[in-house]
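> Sharing a model prediction with you, sequence too.
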Amino acid sequence: MQLYLPIADIPVNVFLILAMGAAVGFVSGMFGIGGGFLMTPLLIFVGIAPAVAVASVASHIAASSFSGAISYWRRRAIDPALGAVLLSGGTVGTALGVWTFTLLRSLGQLDLMIALSYVVLLSTVGALMFWEGLRAILRARRGIAVPMRRSGSHGWIHGLPLKMRFKRSKIYLSVIPVVVVGVIIGFIGAVMGIGGGFILIPIMIYVLRVPTSTVIGTSMVLTLVTMVFATMLHAITNHLVDAVLALILMVGGVTGAQFGARAGQKIRGEHLRLLLGLLILAVGIRFAIELVIRPDDLFTIRETGGAG
Amino acid sequence: MIARSSLATAGIALALSMALAAPSARAERLIVSVSNHRVTVTPNYSGEELVLFGSVEKEASTPAARTSYDLVVTVAGPRADMVTRRKERKFGIWVNTDYRQFLQVPTYLALFSNRPFESIAAPEVQRRQQLGLNNVLLTQRVGPDYADVVPNDAFRSAFVRLRSEHGLYREATSAVTFLTPTLFRTGIPLPAEVPIGTYDVEIKLFSDGALVARTETAFEIVKVGFEQFVATTAHQNGFVYGLVTAFMALMTGWMASIVFRKD
């Protein structure tokens, strides 16, 4: 069934977009990530203008992270205090990111910067996750008990001042690294047009040592707030949010996310990390190939405005 | 890369075509109409084909010997500025390096005729009358200059090729059919992604390689109803639109968590 999108100005197959929303929603529910880094390239692939894709995906991620956040909240798997501290940093980071975005665009190499940061970030995070998951699985196979807190867990990060007790996560941690992480995620999200969940979760687990039980729920709260903020910002400044496209994506996305979340609970943590690592790595490699291989067409056209 | 001499030629061609556009006593009159002057974009819009038909009216002063006519129809969509970029390999990766800006060029452009342009008129006339994609004026900004370039310029031909791949630029030299020696028709295919706006249709009649009559008509592609409402709200009330979209996102998420609640 074809449907004409009012802002993207092209007709799309509703079932194709629904299926894409559901597939990405499944992945995001399973791993507790927003899935923007998957959705945006998919939409561009079916012919939607990149700017419209980025803007509309923001509201799609807001919907699926809200539905996820509600169910994590019911299971008491969200740490409100931790979320609030992360958000305070996230807001500052987003503002910095938007400023950098404008600066890069005026320099004329924004596309390249985005592609390069996708490659570097996705490959690094993907490879690290994959490696870590693989090691955990091998250890489990050999029957070696993994100590819950390794010796490195009380490093310099835990020696910082301004300590605060995050009750639900049962950790006692300085607010400085938490705010810094929030700033970094907000910044990356605004510049690259992604929620940043796939970076936030590993940082929370390995650097901040937040227990796995509250990591996903709390990161979803951060994603939710940044994406609502991003939707508003895109709607006000660029007028490029396609509400019809967003609605189709949301309906597919939230449905997929529910099934994904159930599937995720059945899979063991290290397998989940291995799978997510592979997925992120694959997307990173795809971007890398695009940069290195000679493109089919060396020329591209972009409309820069004018009458009409 | 850009032949300076051709810049001058293009300028002259432009001046000449303007001079020729001035009405003069002509022996033929063209009467044309398109099947639909207002194409509405509805939710199930997926492109359309319009039909242009018309006839050549001979007048008393028409030389009796003149019997065979050639017809060229040019459809130009709303104009916009566009940038064509070229990738080059630098430090092992492909990056956009060089670019050309095309100023106020048609977003949709179709040229139809009843036989190849070469058989209709001499190359000089083809250029002056902008017959064929190779002869249409596509103004570029080259440094401080504004001009068209030679047809085989890399950026120009890439631009035309990419637009053609999307069905937005097209050229068909057998699309116009003469039903009788003076009655003609042609189809105007509009792919799904045609831009919204006003489309100018120019019809030129040739006889023995010379322009003998010329007329214009137009049609528009407009969004109506819901599409129109969404598009105007997004542009005029960005804040409200954003709020509604964000609220819609939250509602969808909340509904999903209720529907799929495990009890």
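Thanks, I have it. Quick caveat, the model's predicted, so the values are computed rather than measured. Numbers count the residues shown, from 1 in each chain, chains lettered A, B, ... in the order given.

> which regions of the chain lie under the pLDDT threshold?
Looking at chain A here, since you left the chain open. Scanning chain A with the threshold set as pLDDT under 70 gives A:105-111, A:144-159, A:193, A:304-308.

> looking at chain B here, not the other one
Ranges of chain B meeting pLDDT under 70: B:1-26, B:62-66, B:261-263.

> How is it divided into domains?
For chain B, automatic domain parsing gives the domain ranges B:4-223, B:224-263.

> Quick one: closest of these to A:Gly34.
Closest of the domains of chain B to A:Gly34 is domain B:224-263, at 12.2 Å (criterion: Cβ to Cβ). Heads up, the C-betas are built off the backbone N, CA and C, glycines and all.

> Do the closest one and chain A come into contact?
Yes: against chain A, domain B:224-263 shows contacts by Cβ under 8 Å from any Cβ of the partner chain at B:226-228, B:230-231, B:234-235, B:238-239, B:241-246, B:248-250, B:252-257, B:260-261.

> Point out the ones among the residues you listed that are inside helices.
Per DSSP state H, helices hold the following members of these: B:226-228, B:230-231, B:234-235, B:238-239, B:241-246, B:248-250, B:252-257.

> For my notes, please list the domains of chain B in a markdown table and give mean neighbour count and distance to A:Ala190 for each entry.
Shown next, in a markdown table, are the domains of chain B (neighbours: other Cβ atoms under 10 Å in any protein chain shown; distance: least, Cβ to Cβ, whole Å):
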| stretch | mean neighbour count | distance to A:Ala190 |
| --- | --- | --- |
| domain B:4-223 | 17 | 22 |
| domain B:224-263 | 16 | 16 |
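
> I'd like to know which of those lies nearest to A:Gly29.
It is, among these and with distance given as Cβ to Cβ, domain B:224-263, at 10.2 Å.

> what about the helices in the stretch 1-150 of chain A?
Here the stretch 1-150 of chain A has its helices, by DSSP state H, counting those that start in this stretch, at A:14-31, A:36-45, A:50-74, A:80-107, A:110-142.

> what's the residue nearest to B:Thr215 when sequence neighbours are not counted sitting at in phi/psi?
Leaving aside its sequence neighbours, B:Thr215 sits nearest to B:Leu30 (Cβ to Cβ, 6 or more residues apart in numbering or on different chains; 4.2 Å). Note on B:Leu30: backbone dihedrals following degrees, to the nearest 10 are phi -110, psi 130.

> With B:Leu179 instead?
Dihedral angles for B:Leu179 - degrees, to the nearest 10 - are phi -80, psi -40.

> Pull the contacting residues for it.
Listed by Cβ atoms under 8 Å, 6 or more residues apart in numbering or on different chains, the contact set of B:Leu179 reads B:Arg185.

> Which parts of chain B are helices?
B:4-21, B:117-120, B:123-128, B:154-165, B:225-236, B:238-259.

> Spell out which residues belonging to the stretch 201-308 of chain A are near chain B, please.
Taking Cβ under 8 Å from any Cβ as the measure of proximity, the stretch 201-308 of chain A contacts chain B at A:227-228, A:231-237, A:239-241, A:243-244, A:246-247, A:250-251, A:254-255, A:257-258, A:290-295, A:297-308.

> Buried among the residues you listed? Need that as a selection in PyMOL.
A single PyMOL command is used to select the members of these judged buried by 16 or more other Cβ atoms under 10 Å in any protein chain shown:
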select buried, chain A and resi 227+228+231+232+233+234+235+236+239+240+241+243+244+246+247+250+251+254+255+257+258+291+298+299+300+301+308
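
> So B:Glu57 sits against B:Val32, correct?
No: counting by Cβ atoms under 8 Å, B:Glu57 does not reach B:Val32; the two are 10.9 Å apart.

> for the closest residue in space to B:Val39 that isn't next to it in sequence, which residues make a bridge with it?
Nearest residue to B:Val39, sequence neighbours excluded (Cβ to Cβ, 6+ apart): B:Ile221, at 4.5 Å. Taking DSSP bridges as the rule, B:Ile221 bridges to B:Val39, B:Gly197.

> dump the residue contacts of B:Ile221.
B:Ile221 neighbours (Cβ under 8 Å, 6+ apart): B:Val39, B:Val41, B:Leu190, B:Val194, B:Pro195, B:Ile196, B:Gly197, B:Tyr199.

> Can you give me the distance of the second one to chain A?
In this structure, B:Val41 lies at 6 Å from chain A, with Cβ to the nearest Cβ, to the nearest Å as the measure.

> next one: the first one
Counting by Cβ to the nearest Cβ, the gap from B:Val39 to chain A is 12 Å.

> What of the last one?
Look at B:Tyr199 and chain A: by Cβ to the nearest Cβ, they are 11 Å apart.

> With the fifth one instead?
When distances are taken as Cβ to the nearest Cβ, B:Pro195 and chain A turn out to be 6 Å apart.

> what do you get for the third one?
With distances defined as Cβ to the nearest Cβ, the gap from B:Leu190 to chain A amounts to 12 Å.

> Measure how buried A:Arg141 is and give me the count.
Using other Cβ atoms under 10 Å in any protein chain shown, A:Arg141 has 8 other residues around it.

> ok, it to A:Val221 distance?
35 Å (Cβ to Cβ, to the nearest Å).

> Same check on A:Met192?
Taken as Cβ to Cβ, the span from A:Met192 to A:Val221 is 20 Å.

> Likewise for A:Gly90?
Distance, A:Gly90 to A:Val221, using Cβ to Cβ: 10 Å.

> ok, those two, which is more surrounded?
Between A:Gly90 and A:Val221, A:Gly90 has the larger neighbour count (other Cβ under 10 Å), namely 28 against 23.

> wait, what's in contact with the more buried one?
A:Gly90 sits next to A:Gly182, A:Val183, A:Ile185, A:Gly186, A:Gly189, A:Leu222, A:Val225, A:Thr226 when contact means Cβ under 8 Å, 6+ apart.

> which ones are touching the residue nearest the centre of chain B?
The residue lying closest to the centre of chain B (Cα atoms, centre = their mean) is B:Leu109, at 2.0 Å. Each residue near B:Leu109 by Cβ under 8 Å, 6+ apart is listed here: B:Thr74, B:Val75, B:Ala76, B:Gly77, B:Leu133, B:Val136, B:Arg163, B:Leu168, B:Tyr169, B:Arg170.
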